[in-house]
Structure formats: C-alpha cells, structure tokens
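Undergrad: sequence first, predicted model second:
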Amino acid sequence: MADKYYQEYGPISRRKAAGTLSDEESQLDSGPQPEIEPLPLERPSRRRIARRRRGRGLLGLLLLVLVGAGVFLALPYTVNLFAGDRAMDGVSLQGRSIAGMSRAEIRALIEQRYAAFLRAPVTITFEGRSWTPTPQQLGLGFDLDQAAEQALVAGHRGGPIERGEQLWAIWQGGLDVAPRLSVDAGRLQSYLTGIAAELEQPPRDAALSFAEGKVLPTAARFGRQALADASAIDIMRGFQTLAPQSVVLRTRTLTPALTDAGMAPAIADARALLASPLVLRRAEQSWTWQPNKLAELLVVKAEHGNMTVEIDADRVARAVEKLAQLVDTGSAEPRVAFRGGKLKITEPGQTGWQLKQPEAVAAISQALRQPKRELALPVQELTPQVTAKTLPNLGIGELVGEGRSSFDGSAGYRITNIKAGAARINGVLIPPGSEFSFNTQLGEVDDSNGFVKGYAVIGQRTQLEWGGGVCQDSTTVFRAAFWAGLPITERHAHPFYISWYDDFSFPNESGPGLDATIYTGVSDLKFMNDTGHWLLMEATADEAAQVLSVRLYGTKPNRTVSVRGPNIENVVPPPNEPVIVTDNTVPAGTVKQTDTARKGMDITVYRVITENGVEQPPEPFFTRFKAWPNVFVKGTG
C-alpha cells in the first residue's frame, strides 16, 4: 500500500497555526486522519482566481435582476389585488372620475349621465316642424354593459407586461373612456326617407287653362328635395357628443322649368283671343261661337321657359267639320223613288250650299286675331247633276242593303220625329265615292222640318229635346250601310242599353250592338259609297207594324256580309241608388221618373265582308253600355 498522505495545509492547520483552533477541532486534528490518495500539488494561478471572482459577480448581478424582474412582474398583480373588481385610479368616464367604482356603480353612472341622450339622441327640425326619433328608429346602438366593461378592465387585463404598460399609462396621463356607439345606416336612411316623403314636393310649372271661356292661370311653385345622405352625416356627427342634439334637415330647392314670368305673355294673348264672341255668317243664317267655344280651339305650348297660346289648326278643322253639318244644305240632287225597277223623280233638285272647309279653317284662324269678330263663311254653290235624262245612267237597279228597327210602344212625339227624320232622308241620291253625313242630310232639327220636342239622352239623364227619337232613324240607316258592306266612317253607340233597338238587328235573332246615336253638330253617322255607282236611300215608317225600314238601291258589288257575335262581356248590374235631378222648369213638389235602371255591358260585333271570293279581316264594332240608375226629376220651379 502506498504511503498515506495527510493534508498539512488545510483549514484546521491554518487555524491551528494562527491560534484560533478550538479544543474539539484540536482533538480532531490530533487523532488519526483518514486515508487519502495522494494528489499532485498544484498552486492556482492569478488569472484563474480572477475568473472565479468575475463569475461570482455575474451570478450576483443575475440574481439581482431576477429578483427585480420578479418584483416588477408581481407589482401589477399586487396592485390589482388591492384594486379588486373596481376601476383603477386615474380612470374617468368622459372627464368624470370613476376610480374605485364597481361594475354596477359604473353602469348606473352611465345610465344616469346619458339618460337624456338615450331618450332622444337627436331632434330633427325643418321650418317649424320637428321630429324626435328614438334610438331604435335611428338604428342607434348603445351598449351600457360594454361601456362599463371598458372602464373596468383598464389595468386589469392581459399579461404582466401589458398590465404594467396600462398602469404606467394611467399613472402618467390617466385614461378617459366613452361609451361605444353603433349606427345601422340602413335604418337611419329609412327613417329620413319617411320624413322626406312628408316634406318633398316636385316643382310645379306655371300653367294656363280655360273654363267657361275664362283664362285661368296657375302660378308656378318651387319644389323641395330632402337630402337624406347629408342629413344622415349631420346626425351621426351629433351622435359623437353623446348628448341630445338638434339637427336641421338638409334640403334643396327645385326650380320649375316654367315660371310666372314666362307665362305672363301667354295670359295676355289668351285673354285677347277670348275677349269677345266670333260670329259666322252664311247668307241670312249666322252662328255665334262664344268664348267657351273659342277656348276649345286654343292650345298652350311651353318651350325654353316661355309659354305661348296658339290657335290649333287641327282643333279648328274639327270644329269646322261639325259646323258643316249646320251650314251644308245636303244633297242638291232631286229626290227619287224606285218603283217597279224604274226610277222616278219625286222632287226636283235645288241649288244648295257646301262649306269650303279648308278655306273656313284659315279664315276663322285669321279672324280670331282681328278686332272685328265677324266672318262670312266661304261656301260653294251646289247645283243638281241628275236630270230625268240621266236617271237610267245612275246604275240604280237592285237592293244593295237594308236595315230595319222596331219602334213598338213608342210615344206619339217619338213616332212624329221618326217619321220626320225618315222624310228628310227618303229619296236621297248619294254620288259614287262620296261620304254620306246623316246630320247634314237631316238639317235643322226644329219645327220647320216637322220635328217636335221629345225625350232624348242629354248629359246624365233623359230630358226633352227637339227631335227626341230621331236616333231610331240613324240606327236604321247604320244597319242598311252595315249590311251593304259600306265603309262606316263615323258611328256612336248610345250611352246606355235601349231594349227596343234589339229587334231586327241580326238576320235570325235579336240582340244589342247595332245601334247608332246622333246629335246635330256633335255626333254624326257617316259612311262612304264605295260601290262605284250612285246609291238611292229609301226610308219608310210602317205605323201599323211599327217598323222603320231603310233600303239602299244601286249596283250591288260582288260582296257578301256576315256577322260574328254579338259577344257580350263585363256585364255590370244597375246601381242600387237612384239619382235625383233638380229642375227649375218643373213645379216644386213634383217628382217624376225619367230613366229606368239598366245594366251595363261591353258588346263586340264583327262584320265579315267577302268580296270577289276573298274574305276580309273581321271588322269590329264595339259598344259599351254604362250601368244606368233610376233617375228622378225633382221640381224646384
């Protein structure tokens, strides 16, 4: 065994040499020492000693840093531990300190502080009117719990570093919180659109109209448009204050295209045109157009901000066409009878007059601009073309078309007028290519032509009128032209259903839809003679059978006529409530019924003409009968 090595320069030896060794340590030192393997003796260098000292310094510094960091990380939690579930010092709600307040206290403060805003966040005003919508109507969201949460979690959320940063920021400058708002733009726009509907109005141009021959100007009016988008921006800006605000609704003015200034010249012109009546003369006859009639000839135009009043040529032409029914004397040809296949003159022809309509239109238009309101109508003289020698050359030799109607049960006045009307059209010759006018041939409906007053449909009721019942004649003429296949150029149905016109309307059955009403100077019955030859009209009233017949003789074209219908639709029952009409020509206290209630309906009859073996497209004839009430006349005279 190797020699034992005993440490001679250990701690005990050093203290023994220095005289600081205790008795126990001295005894231990004097006793047997443990055996230790001998090691080579090496003395540490200065560099190693320095490194050891630096290591101990860094270790201490690291320990100090760790301790500081621990304190720093623990500080926010320590502060939160003392703050609890309350707002930190330095936290405020829009300038109002809420330090130390609990969640419930913060929420109560928010409710109290913004109560007025939550009741009426904004008042919208416009020209003395106001609207105070609720937050719900405006789409305004205001979360009280979220606002309380925002104030409460300041310095209480996140990790240690985030919490530390929050606490440092609060300690340096405080933290002021505000409730968060949300706005539903669609709902806000919808509410403003509702207000706009109350306020908006389109601009109204200046206008000019006529009534009873008077000039009636309507002043222009500026319009207004609500600017919902701009108003919504103003309202949302007001929300940011979190206090009730008053916002003026934004609008813009809409200027009319035609102002009162642009209408002024037209007013003066119209008043000059309607200042006095216009008198129209033909020989000893005259017709006076009053200002209300003249107003129908005027048209108002507006262009580039200016209004003008003009005499409308088309309106004058239509008025002259109706005037011709009164001016024209009808056929100048002799009256002819067709008996036994031969023609015979029953009344000689006579000179007549026919209004020159194009010239009359120009003359009337010019006369309206003159101070003297009187005009001699331009007419042409008509002389007979047919003589006894030319009768065989007229081509009248067979029946072309026939119409019949029943006047069974008619009153005496009505039969008188039917016969007078038949006399005015009986034996009349119609030249080829010409247009037949019932009103022109009928002439003046007065006692000079054998007519009497009778009941006719005038306005909204049946009342006494010259020639009441003469529509029986026009209806029968219409049927003759219808079955002859002649072009019907003007026809008007009665306004309501009259049952006696059903008989003889169709070949094998009775029904509505083939009647024709007339009113002299207003509504006419016209058709063209397209047969290429003269036509002879014959009218007879059989009082025994109470049947009126109208026959057209001439040269029958290679045509046949058939019908489809009548198709009856849209049947409307008569009104239940009667109509009471006052009449100062009837003694007071007198009540009499003038009209019986009738149902309304739409009727369509199709005429089908086959000519030279070719079927033409069906030609519709439409009638609309209005539902008619019981009408009573109450005397006030």
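TA: Sure thing, it's come through.

Undergrad: any idea which residue sits dead centre in this protein?
TA: Nearest to the geometric centre of the chain sits Pro202, at 13.2 Å (C-alpha atoms, centre = their mean).

Undergrad: distance check, the residue nearest to Leu377 when sequence neighbours are not counted against Glu381.
TA: Closest residue to Leu377 apart from its sequence neighbours, by C-beta to C-beta, 6 or more residues apart in numbering: Arg282 at 4.7 Å. For every residue, glycine as well, the C-beta is placed using N, CA and C. Noted for Arg282: a distance of 12 Å to Glu381, by C-beta to C-beta, to the nearest Å.

Undergrad: quick check: neighbours shared by these two?
TA: Both Arg282 and Glu381 are in contact with Trp353, where contact means C-beta atoms under 8 Å, 6 or more residues apart in numbering.

Undergrad: so for the two, which sits in the more crowded spot?
TA: Arg282 (19 against 10; other C-beta atoms under 10 Å).

Undergrad: surely that one meets Val379?
TA: Yes: using C-beta atoms under 8 Å, Arg282 is in contact with Val379, at 5.8 Å.

Undergrad: what is in contact with the two at once?
TA: Contact criterion C-beta under 8 Å, 6+ apart; residues bridging Arg282 and Val379 by contacting each: 327, 353, 355.

Undergrad: can you get me a residue count around the spatially closest residue to the first one that is not a sequence neighbour?
TA: Put plainly, it is Val327. Distance criterion C-beta to C-beta, 6+ apart; nearest residue to Val327, sequence neighbours excluded, is Leu355 at 4.4 Å. Leu355 is flanked by 22 other residues according to other C-beta under 10 Å.

Undergrad: residue contacts, Leu355?
TA: 282, 320, 323-324, 327-328, 377-379.

Undergrad: any idea of the pLDDT on Phe72?
TA: Note on Phe72: pLDDT of 46.

Undergrad: just Ile235 next, same as before
TA: Ile235 carries a pLDDT value of 91.

Undergrad: that one: neighbour count?
TA: 22.

Undergrad: cool, and Asp503?
TA: Neighbours of Asp503 under the rule other C-beta under 10 Å: 16.

Undergrad: give me the beta-bridge partners of the nearest residue to it once chain neighbours are set aside?
TA: Using C-beta to C-beta, 6+ apart and skipping residues adjacent in sequence, the residue nearest Asp503 is Ser406, 3.9 Å away. Beta bridges link Ser406 to Val547, judged by DSSP bridges.

Undergrad: quick check: PyMOL command selecting the buried ones in the contacts of Leu355.
TA: Selection of buried members from these for PyMOL, criterion 16 or more other C-beta atoms under 10 Å:
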select buried, resi 282+320+323+324+327+328+377+379
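
Undergrad: sorry, back to before: the residue nearest to Asp503 and Glu198, how far apart?
TA: Taken as C-beta to C-beta, the span from Ser406 to Glu198 is 62 Å.

Undergrad: ok, those two, which is more surrounded?
TA: Ser406 (20 against 11).

Undergrad: ranges for the helices of the stretch 451-600 of the chain?
TA: Here the stretch 451-600 of the chain has its helices, by DSSP state H, counting those that start in this stretch, at 471-484.

Undergrad: in it, where is pLDDT below threshold?
TA: The model of the stretch 451-600 of the chain has pLDDT under 70 over residues 455-464.

Undergrad: next one: the chain
TA: Along the chain, segments meeting pLDDT under 70 span 1-84, 154-167, 169-173, 455-464.
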